[in-house]
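[1] the sequence isn't on hand, but the structure is:
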C-alpha cells in the first residue's frame, strides 16, 4: 500500500507539502495518505474506488450523509446571491439572523443570544473571553478561573486547548496558559474505586469539584466547562447523578455552567442536546459540527440574557465589543446550517439516532465477550469499545503495543473508518444510518477485532 500510494503523484504532493493535524509527520512520509475522493450516504470512497463506512461521520460531524443535494443547492444559491458579508459594525444578513433565531428557539431556556464563529475551538476561546469580559464589567475581576476535566476535549487553540485535558494537546505547546483546574475524568470503568457504585462515584466527583472550588475560592472560579458525554477523550458517558450534582454546585457558588455540545448537539445522543438527555440547564452552550454537517465551517456560542446584559452594558461603556472574526455569521455557512437543521427535523434524524442507537449499542454489547474487549459504552449513535490486555483486571495494553492503532488499520482494511483514541475504538456514524447498515458496521468491526486478536497472539503482546 505504501509504495502504491507514494507512486501516485497526488499522494506524493501531499507528503511533500502538507503537515497533517493529529498525525505522526514522519510516519506519514513513509506511509502516505488515504485520499478520499467522494461520498454517498454513510459511505466514502478513496481514489482507488474502495468503499468505507464512515464510522466516525467524518470528525463526529456529518448528520445527513456525504452527498446531501439540498445543502449543495442552498450553498450554491447563497454563493450566487451574497457569497460573503460580515457582521461587524451594525451589519447583518438574513441567513445569520434566521439561524440565530432558530438556535434560540430550539435550545433550552434561558439561552437567548448567539455569537457565531467558524469552529468549536474559536467558540470556546470566545466563551472564555466573554466570561472574563462580563466578570470585569460586573466588578468581579478575580473571577477568572475555569474548571474542566481530565480527558476533556474543548479545542486546540491556545485558550480552548488549555481547557482540553489531553496530554498530547499540551505537550510541548506550553499549555495550559489560562487559569484552569482539571478534575477527575468521570469514567466509571477506569476511575471508580473498588466496590464503589456508580452513584457513589458521581457523588465523590461532585465532592472533589466542591473541594477545589473552596480551595481556589468561589470568588475566583468563573465557569465549569464540560461535554455532556465526553467524546474525543474516549467516549465516556457520565455516571448517574453527576450532572445534577455539578449543576447544583454551580448555582451554589455562582459559577457559570458551560455545556460543550460541539459533538453531542443536534441529535448525536438520541436527544437534540446532551444537556437535555442528562437533565441539566447550562448558562452557555457551544455548538458546531452537526450544525452544518460540517459541509461548511460554523460554530456558535449560545448564552443567557444575564450574560448578554453584562456584556452589552460594558460595550456601551467602552464603545464596542472588541472581538469577532472575518467569517462570524458567514452567509453561506449559516444558510447551509438552516437547511441542515431543517433536514434533521423533517427526517426525524434525532429519533432515528435514538432508534438506531439502541440497535447499535445492543449489537456492540455482543462484542463484550471478545477476548480484547474490556468495556463497550456510549449513548445514541456514539460508542467506544475499550481494548484491554486482561479483561478480569482491566489492565490496559502497554503503550508500545499500539493495539488501538492496529485495530484502526484492521477496520480500514475491512472498509470501516473508525477513530483510535489510545486503545479505545470510537464510533459515531452519520445520523441517517439504517438498521442494515448498523449490522454491517458491527460485522466489519468484529472482523477487524478478530484480525487484531490473531495478530496479538502471533506477536505475544501484553
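    Noted; the coordinates are in hand. Just so you know, these numbers come straight off a predicted model, no measurement behind them. Numbers count the residues shown, from 1 in each chain.
[2] now residue 15: how far from residue 460?
    33 Å (C-beta to C-beta, to the nearest Å). C-beta coordinates here come from the backbone N, C-alpha and C atoms, glycine included.
[3] now the helices for the stretch 1-150 of the chain?
    2-7, 9-17, 25-31, 57-60, 69-81, 94-106, 120-137 (DSSP state H, counting those that start in this stretch).
[4] can you put the ones you listed in CSV and add mean neighbour count, mean pLDDT and distance to residue 421?
    Below are the helices of the stretch 1-150 of the chain laid out as CSV (neighbours: other C-beta atoms under 10 Å; pLDDT from 0 to 100; distance: least, C-beta to C-beta, whole Å):
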stretch, mean neighbour count, mean pLDDT, distance to residue 421
helix 2-7, 12, 46, 25
helix 9-17, 13, 95, 24
helix 25-31, 11, 96, 17
helix 57-60, 21, 98, 11
helix 69-81, 14, 98, 29
helix 94-106, 17, 98, 29
helix 120-137, 22, 98, 17
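[5] buried stuff in stretch 269-289?
    269-278, 280-289 (16 or more other C-beta atoms under 10 Å).
[6] and that stretch, end to end?
    Taking C-alpha to C-alpha, to the nearest Å, stretch 269-289 runs 14 Å from one end to the other.
[7] where does this structure have low pLDDT?
    Scanning the chain for pLDDT under 70 picks out 1-7.
[8] please redo it, this time with the cut-off set to 90
    1-8, 399-401, 457-462 (pLDDT under 90).
[9] now do the longest helix seen in the chain: distance to the chain's middle.
    Across the chain, the longest stretch assigned as helix under DSSP state H is helix 435-459. From the chain centre to the centre of helix 435-459 is a distance of 25 Å (C-alpha atoms, centre = their mean, to the nearest Å).
[10] against which helices or strands is it packed?
    strand 51-54, helix 349-365, strand 382-387, helix 403-413, strand 416-417, strand 424-427 (3 or more C-beta pairs under 8 Å, 6 or more residues apart in numbering; DSSP states H and E).
[11] out of the ones you listed, which is closest to residue 228?
    Judged by C-beta to C-beta, the one of those that comes nearest to residue 228 is strand 382-387, at 10.9 Å.
[12] and the most centrally placed residue in the chain, how far is that from residue 168?
    Nearest residue to the geometric centre of the chain (C-alpha atoms, centre = their mean): residue 263, 3.4 Å. As judged by C-beta to C-beta, residue 263 and residue 168 stand 18 Å apart.
[13] ok, back up a step: residues contacting the residue nearest to the centre of the chain?
    Contacts for residue 263 (C-beta atoms under 8 Å, 6 or more residues apart in numbering) come out as 60, 61, 227, 229, 231, 232, 289, 382, 428.
[14] who are the contact partners of residue 331?
    Each residue near residue 331 by C-beta under 8 Å, 6+ apart is listed here: 78, 82, 83, 84, 85, 93, 94, 95, 96.
[15] I meant to write residue 268 there.
    60, 274, 290, 353, 380, 381, 382, 428, 431.
[16] make a markdown table from the residues you listed and add distance to residue 110 to it.
    Shown next, in a markdown table, are these (distance: C-beta to C-beta, whole Å):
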| residue | distance to residue 110 |
| --- | --- |
| 60 | 27 |
| 274 | 17 |
| 290 | 23 |
| 353 | 26 |
| 380 | 25 |
| 381 | 29 |
| 382 | 27 |
| 428 | 30 |
| 431 | 28 |
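[17] what's the closest of these to residue 439?
    residue 381 (14.2 Å).
[18] for the closest one, list the residues it contacts.
    Listed by C-beta under 8 Å, 6+ apart, the contact set of residue 381 reads 268, 269, 270, 353, 356, 357, 360, 428, 429, 431, 433.
[19] what comes into contact with stretch 411-418?
    With C-beta under 8 Å, 6+ apart, stretch 411-418 has contacts from 34, 44, 50-56, 407-408, 425-427, 441, 444-445, 447-448, 451.
[20] and that stretch, end to end?
    End to end - C-alpha to C-alpha - stretch 411-418 spans 7 Å.
[21] now that stretch: how far from the chain's centre is it?
    Remark: stretch 411-418 is offset 21 Å from the chain centroid, using C-alpha atoms, centre = their mean.
[22] can you point out the buried residues in it?
    Buried residues in stretch 411-418 (16+ other C-beta under 10 Å): 411, 412, 414, 415, 416, 417, 418.
[23] identify the farthest-apart pair in those residues.
    For the buried residues of stretch 411-418, with distances taken as C-beta to C-beta, the pair at the greatest spread is 415 and 418 (11.1 Å).
[24] contacting residues around residue 419?
    By C-beta under 8 Å, 6+ apart, residue 419 lies in contact with 56, 408, 425, 426, 428.
[25] do residue 50 as well
    Contacts here follow C-beta under 8 Å, 6+ apart; on that basis residue 50 touches residue 415.
[26] quick one: the strands in the stretch 201-350 of the chain?
    Counting by DSSP state E, counting those that start in this stretch, the stretch 201-350 of the chain has strands at residues 221-226, 256-260, 284-287, 299-304.
[27] shouldn't residue 223 be in contact with residue 146?
    Yes - taking C-beta atoms under 8 Å as the definition, residue 223 is a contact partner of residue 146 at 5.4 Å.
[28] shared neighbours, these two?
    Counting by C-beta under 8 Å, 6+ apart, the common neighbours of residue 223 and residue 146 are residue 131.
[29] circling back to that earlier point, for the helices and strands packed on helix 435-459, which one sits closest to residue 455?
    Using C-beta to C-beta as the measure, helix 403-413 is the one of the helices and strands packed on helix 435-459 that comes nearest residue 455, at 6.1 Å.
[30] right, I'll leave it there.
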